[in-house]
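Trainee: My questions concern the predicted model and sequence given below.
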Amino acid sequence: MLIPGAGQRSAAYDRVTTMFSPKGRLYQVEYASRIVEQGTLGVGLIYKNGVLFAANKNIPSKLVLPQSIEKLFKIDDHIGAISSGLVGDARRLVRIAREKSQENAMYYEEKIEVETLVKELAGIKQLFTQYAGMRPFGVSLIIGGIDFKGKHLFETEPSGALAEYRAIAIGKGKKHAMELLEKKFNERMSFEDAAKLAYNAIKVSLDKKEPFSINSLDFAFIEEGKEFQRIPPKKLKSVLGK
């Protein structure tokens with residue numbers, strides 16, 4: 001009888017979503033996180049009057065319409081989201097989030113709290129790491145908004161882990177973007193300064209030879225007393241200035 005080699009044993013942990021390796025690792029969850037690291041950068045930050053969302057979209061050809069590439073989503077009038085990873089997985093989670101938000105409005109006649117919604121989505125993500133026959137969602141989400149408790153900004157990971165931030169970046173080049181945010185972030189900054197910081201965080205995350213255009217950017221914001229609003233390219237250019 002042949003005894004399986006070490007390579008075969010590690011391969012078994014590699015294939016099964018729900019099986020921990022001897023070192024306490026779930027390889028499929030780790031692979032899902034690697035997909036997130038390959039996605040274009042998304043940035044969320046809280047500023048004086050609201051929450052800003054900024055995303056750099058991968059536009060593979062000049063024949064592609066930039067607005068058809070989905071990376072920044074409106075969930076409700078008071079909540080938005082940015083994805084990094086598999087856009088199909090992101091759309092599925094965004095649809096669930098929209099349904100949860102609508103159900104809350106119907107049953108309780110009030111807007112859902114941002115933290116409540118984030119924990120619902122994180123719970124769904126975690127569920128897909130726990131049962132055989134399922135694979136983890138290959139996407140991280142930045143979810144932000146304003147409710148009666150104030151301004152909020154969360155990140156949810158493929159594992160179902162979540163954390164709240166004042167400023168956060170996800171995707172390729174996250175390390176460089178976070179270094180800039182940690183140096184320059186100020187919660188009392190204006191909308192214009194927040195937009196410029198998000199723009200620079202995206203720019204610093206790119207490889208030197210990587211193409212970059214303002215047409216590939218998608219910006220939106222939510223302010224107190226105002227609904228989720230996207231920023232058209234022309235307005236974004238005037239906000240960013242030179």
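Mentor: Ah, there it is. Computed from a predicted model, the values in this text were never measured in an experiment.
Trainee: neighbouring contacts of the longest helix seen in the chain?
Mentor: If you go by DSSP state H, the chain has its longest helix at helix 87-108. Residues lying outside helix 87-108 but in contact with it, judged by CB atoms under 8 Å, 6 or more residues apart in numbering, are 70-71, 73, 75-76, 79, 81, 83, 110-112, 116-117, 120-121, 124-125, 137-139, 141, 143. C-beta coordinates here come from the backbone N, C-alpha and C atoms, glycine included.
Trainee: roughly how far apart are D89 and G171?
Mentor: From D89 over to G171 the distance is 14 Å, taken as CB to CB, to the nearest Å.
Trainee: Same drill for the two, tell me which one is more crowded.
Mentor: Between D89 and G171, counted using other CB atoms under 10 Å, G171 has the larger neighbour count: 26 against 22.
Trainee: From start to finish, how long is stretch 185-194 in a straight line?
Mentor: 8 Å (CA to CA, to the nearest Å).
Trainee: In it, which residues are buried?
Mentor: F185, M189, F191, A194 (16 or more other CB atoms under 10 Å).
Trainee: what ranges do the strands span in the chain?
Mentor: For the chain, the strands defined by DSSP state E cover 42-46, 50-56, 72-76, 79-85, 139-147, 150-156, 162-164, 167-170, 217-223, 229-231.
Trainee: and the last one, which strands flank it?
Mentor: What that stands for is strand 229-231. Strands adjacent to strand 229-231 in the sheet, as given by DSSP bridges, are strand 217-223 (antiparallel).
Trainee: tell me the angle the strand it pairs with makes with strand 72-76.
Mentor: Angle between the axes of strand 217-223 and strand 72-76 is 30 degrees (criterion: axes from the mean of the first three to the mean of the last three CA atoms, to 10 degrees).
Trainee: Quick one: low-confidence residue ranges for this structure.
Mentor: Residue ranges of the chain with pLDDT under 70: 1-17, 242.
Trainee: need the contact list for the residue nearest to the spatial centre of the chain.
Mentor: In the chain, the residue lying closest to the centroid (CA atoms, centre = their mean) is L141, at 2.7 Å. By CB under 8 Å, 6+ apart, the residues touching L141 are A81, I82, S83, A90, L93, L121, E155, T156, I170.
Trainee: gap between it and Q130?
Mentor: In terms of CB to CB, L141 sits 19 Å off from Q130.
Trainee: can you check L121 too?
Mentor: 15 Å.
Trainee: Pick out whichever of the two has more residues nearby.
Mentor: With neighbours defined as other CB under 10 Å, L121 and Q130 compare such that L121 has more, 23 against 12.
Trainee: From A177, how far off is the more buried one?
Mentor: 23 Å.
Trainee: swap in D218?
Mentor: Distance from D218 to A177, by CB to CB: 16 Å.
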